[in-house]
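**Student:** Next input, structure requested:
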Amino acid sequence: MPNIKSAIKRVHVTRVRAVRNASAKSALRTSLKRFESALKERNMESAQVALRGATRSLDKAVTKGIIHRNHAARKKSRLMKRMNKAVAQ
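**Tutor:** Have a look, this model is predicted:
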């Protein structure tokens, strides 16, 4: 346990941010899984809505610094590609 006041504050801030980041990552993963399950069930209407939610979650994660913008762009591109392939079939 730190004794210096600034070190105590850094420990506190780190814990708060870790909890916030974990919650944001969990929400991101949930939205991605929601899209995956809708696509697996071949329910295109709900998959379309879930895709919109997933892209929104990815963009939010980028602005909060949870993931890198290139990672989000790559993920969105792959999700769109899978959606387009499923619609074409």
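**Student:** Spatially central, which residue of this structure would that be?
**Tutor:** By CA atoms, centre = their mean, the chain has its centre lying nearest to Leu28, at 2.5 Å.
**Student:** So that residue: helix, strand or coil?
**Tutor:** Here Leu28 is helix, with the state taken from DSSP: H, G, I helix; E, B strand; the rest coil.
**Student:** Hmm, Ala61 and it touching each other?
**Tutor:** Yes: the pair Leu28 and Ala61 passes the contact test of CB atoms under 8 Å, sitting 5.0 Å apart. Every C-beta, even on glycine, is put in place using the N, C-alpha and C of the backbone.
**Student:** do you know how far the residue nearest to the centre of the chain is from Arg82?
**Tutor:** Leu28 sits 17 Å away from Arg82, taking CB to CB, to the nearest Å as the criterion.
**Student:** cool, His12 as well?
**Tutor:** Using CB to CB, we find His12 at a distance of 42 Å from Arg82.
**Student:** Among the two, which residue is more densely surrounded?
**Tutor:** Neighbour comparison, His12 and Arg82: the larger count goes to Arg82, with 15 against 10 (by other CB atoms under 10 Å).
**Student:** name the element that one belongs to?
**Tutor:** According to DSSP states H and E, Arg82 maps onto helix 69-88.
**Student:** which residues make contact with that helix from outside it?
**Tutor:** Contacts to helix 69-88, defined as CB atoms under 8 Å, 6 or more residues apart in numbering, come from residues 32, 35, 39, 42, 44, 47-48, 51, 54-55, 58-59, 61-62.
**Student:** swap in stretch 41-50?
**Tutor:** Identification of contacts with stretch 41-50 by CB under 8 Å, 6+ apart yields 31, 34-35, 38-39, 83, 86-87.
**Student:** hmm, which of those residues are the buried ones?
**Tutor:** Buried residues within the contacts of stretch 41-50, counting neighbours by 16 or more other CB atoms under 10 Å: 31, 34-35, 38-39, 83.
**Student:** measure Ala88 to Glu36 for me?
**Tutor:** For Ala88 relative to Glu36 (CB to CB), the value is 18 Å.
**Student:** So the two - more neighbours on which side?
**Tutor:** More crowded of Ala88 and Glu36, by other CB under 10 Å: Glu36, with 15 against 6.
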